[in-house]
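> Return atomic coordinates for the entry below.
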Amino acid sequence: MGTVSSIDEHYRAKGGLAGGQEPPYDDGMQARIARLEDQVTGLRIDAARVETKVDGLGQHMATKAWVLTGALAVLVAIVGAAWWMVQQYLAPILQHLGK
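All right, here's what the predicted structure looks like:
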């Protein structure tokens, strides 16, 4: 990306800007370009920070194995609770009916 000085040299070699005192060809164009370059530098720094944070997210995310293990543990707990209820409530009723 060109700097203000390289852009200025380019336009001087071509005989100057297109002319006129209104934007975008007014005398303040070089100052506006310098401000834009400063802002782009800031945006690049911000983008690098975001990229660093996104790269760090991978270390804290659950993998498929962790999710499947958790789902299996929940399923085992639900089946175990259902089996316990069957033994506690249905077995006495069936014993009483068999007598």
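
> after the host helix or strand of Leu72 comes which helix or strand?
Leu72 belongs to helix 64-85 when elements are defined using DSSP states H and E. Note on helix 64-85: by DSSP H and E, the next helix or strand toward the C-terminus is helix 91-98.

> mind listing what's buried in the host helix or strand of Ala48?
Using DSSP H and E, the element containing Ala48 is helix 29-57. Neighbour-count burial for helix 29-57, counted by 16 or more other CB atoms under 10 Å, picks out Met29, Ile33. For every residue, glycine as well, the C-beta is placed using N, CA and C.

> could you say what helices and strands it packs with?
The contact analysis (3 or more CB pairs under 8 Å, 6 or more residues apart in numbering; DSSP states H and E) places helix 29-57 against helix 4-13.

> what is the rounded mean pLDDT of the helix it packs on?
The average of the pLDDT scores along helix 4-13 is 64.

> Then stretch 82-99?
Rounded mean pLDDT across stretch 82-99 is 85.
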